[in-house]
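Peer 1: What follows is a predicted protein model with its sequence.
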Amino acid sequence: MLVIGGGPAGSTAATLLAEKGHRVTLLEKAHHPRFHIGESLLPANLALLDQLGVRAEVEAIGMQKWGAEFISPWHAHQQSFEFANAWDKTMPSAFQVRRSEFDEILIRNAGRKALKVIEGCRVREVESCLTTQARLFRRNTTTAAARSGAAVSGRRLRARHLSR
Ligand SMILES: Cc1cc2nc3c(=O)[nH]c(=O)nc-3n(C[C@H](O)[C@H](O)[C@H](O)COP(=O)(O)OP(=O)(O)OC[C@H]3O[C@@H](n4cnc5c(N)ncnc54)[C@H](O)[C@@H]3O)c2cc1C
């Protein structure tokens, strides 16, 4: 299976698929850590962090957060919400994280599982064939094989991934 994009969604999906026994390759165009917007996690994320086995790492880089406050710039009004007052009282807190650190935790965790993670690999084209093969074309990247110590200097690299 091929997962394109090593943000939270891609790293999580790739990890969970690998844990189910699928042969997974994850491709990410950037190199982690990389800047990304979107730092505010919600309480229901924590169960997923537990499932992924990264809760302690996220706790170490995150700021614990017990609720949210919305401030209107138009009505001179503000409203606070405590997570503990939600219908489901089992999830009273969440974390505020720096996304570069959070996303790196997730993709490194993926790399520790039985899957292949390739950074610096921008997918430009995907062709699906009736034979269920997908061909990927990648240009001007040098890092795909860097992890294994091999140099990839070609302008165009073609990789084949079987869907099963
Ligand atoms: C202004 C703003 C504020 C936000 N605030 C919050 C918040 O507070 N809390 C919250 O939960 N969410 C927030 N979000 C939403 C949050 O950022 C996204 O939901 C989240 O990043 C989605 O994760 P993802 O893994 O789907 O995508 P992304 O995090 O965008 O990851 C996609 C990954 O794919 C890689 N990629 C892209 N194209 C290719 C390619 N062709 N080949 C290889 N790799 C590729 C990218 O480099 C990237 O690493 C915010 C979003 C915005 C815009």
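Peer 2: Sure, I can see it.
Peer 1: Now do the buried residues in stretch 68-87.
Peer 2: Phe83 (16 or more other Cβ atoms under 10 Å). Every residue, glycine included, has its C-beta placed from N, CA and C.
Peer 1: CA-only coordinates of that stretch in PDB, if you can.
Peer 2: Below are the C-alpha coordinates for stretch 68-87, written out as PDB (Å, rounded to 0.1, in the frame of the first residue of the first chain):
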ATOM      1  CA  ALA A  68     -10.900  26.900  24.900                       C
ATOM      2  CA  GLU A  69     -11.900  30.500  25.000                       C
ATOM      3  CA  PHE A  70     -13.500  32.300  22.000                       C
ATOM      4  CA  ILE A  71     -13.300  36.000  22.000                       C
ATOM      5  CA  SER A  72     -15.400  38.000  19.600                       C
ATOM      6  CA  PRO A  73     -13.700  41.000  18.000                       C
ATOM      7  CA  TRP A  74     -17.100  42.500  17.100                       C
ATOM      8  CA  HIS A  75     -19.300  42.000  20.200                       C
ATOM      9  CA  ALA A  76     -17.000  42.500  23.100                       C
ATOM     10  CA  HIS A  77     -18.000  39.100  24.200                       C
ATOM     11  CA  GLN A  78     -16.000  36.000  25.200                       C
ATOM     12  CA  GLN A  79     -17.000  32.500  26.000                       C
ATOM     13  CA  SER A  80     -15.000  29.700  27.700                       C
ATOM     14  CA  PHE A  81     -15.500  26.000  27.300                       C
ATOM     15  CA  GLU A  82     -14.000  23.500  29.700                       C
ATOM     16  CA  PHE A  83     -13.400  20.100  28.100                       C
ATOM     17  CA  ALA A  84     -14.500  18.500  31.400                       C
ATOM     18  CA  ASN A  85     -18.000  20.000  31.000                       C
ATOM     19  CA  ALA A  86     -18.500  18.200  27.700                       C
ATOM     20  CA  TRP A  87     -21.200  15.500  27.400                       C
END
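Peer 1: and that stretch, does that touch the ligand?
Peer 2: No. Against the ligand, stretch 68-87 shows no contacts by Cβ under 6 Å from any ligand atom, the least distance being 9.7 Å.
Peer 1: mean confidence score for that stretch?
Peer 2: For stretch 68-87, the mean per-residue pLDDT is 93.
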